[in-house]
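J.: Fold the following and give me the result.
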Amino acid sequence: MPAYDSNNVFAKILRGELPAHKVYEDDGVFAFLDIMPRTAGHTLVIPKAPVRTFLDIDPDDLAHLIKATQTIARAAVKVFAADGLTIQQFNEPAGGQVVFHLHVHVIPRKNGEPLKPPASFKEDPAVLSDQALRLAAALKSG
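T.: Residues are numbered from 1 along each chain as shown. Below is the predicted model of the structure:
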C-alpha cells in the first residue's frame, strides 16, 4: 500500500493551512462539514493521527474515532431533523477513497430525499457556517 501523504487536503486542514467549517475537535479527532455535501449537515470525522486507511489506524485511535462519530451522528439527527443516517468510510481507490487520510462520512437523511451525487455541488460558505455553528452548539450542549 502507498505511504501516507502529509500533503493531502485533510492533513492541510489539520495543520490549519486550509479552512474548514469545524463542528468538533478533541485530542484525537477533528470533525468538519463537507464542502460538497450530499445532504445538509454532511460531516467528515477524521483522526488527527496521520493514517491513510481503516487498516492503518491504531485500534485505540479507531475506537475513539468511532465514539466521536457516534456522538456527532446523534447531534446531526437532532439538528437536521433527520429520519436516519448514512455512515460511509472508503479505503483506497478501489474502495472509493478520494482523499487519502482516513475519514468517516456522517450523512443525515430524510425520508424521500435522495443523496446528491458525490462532488456534484459546492455549498455556499455562509450555509456551511450556519450549519457548523448549529451542530457545534448541539455538541457542546450535549
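
J.: Need the three-state assignment for the spatially most central residue of the chain.
T.: Most central in the chain under Cα atoms, centre = their mean is Leu44, positioned 0.5 Å from the mean C-alpha point. Recorded secondary structure, Leu44: strand (DSSP: H, G, I helix; E, B strand; the rest coil).

J.: From Lys110, how far off is the closest residue in space to it that isn't next to it in sequence?
T.: Nearest in space to Leu44, with sequence neighbours left out and distances taken as Cβ to Cβ, 6 or more residues apart in numbering, is His103 at 4.9 Å. C-beta coordinates here come from the backbone N, C-alpha and C atoms, glycine included. His103 sits 23 Å away from Lys110, going by Cβ to Cβ, to the nearest Å.

J.: These two: which has the busier surroundings?
T.: Using other Cβ atoms under 10 Å as the criterion, His103 and Lys110 rank with His103 on top: 24 against 13.

J.: In contact with the more buried one, which residues are there?
T.: Residues in contact with His103 (Cβ atoms under 8 Å, 6 or more residues apart in numbering) are 10, 44-46, 89.

J.: Could you measure from it over to Thr43?
T.: Distance of His103 to Thr43, computed by Cβ to Cβ: 10 Å.
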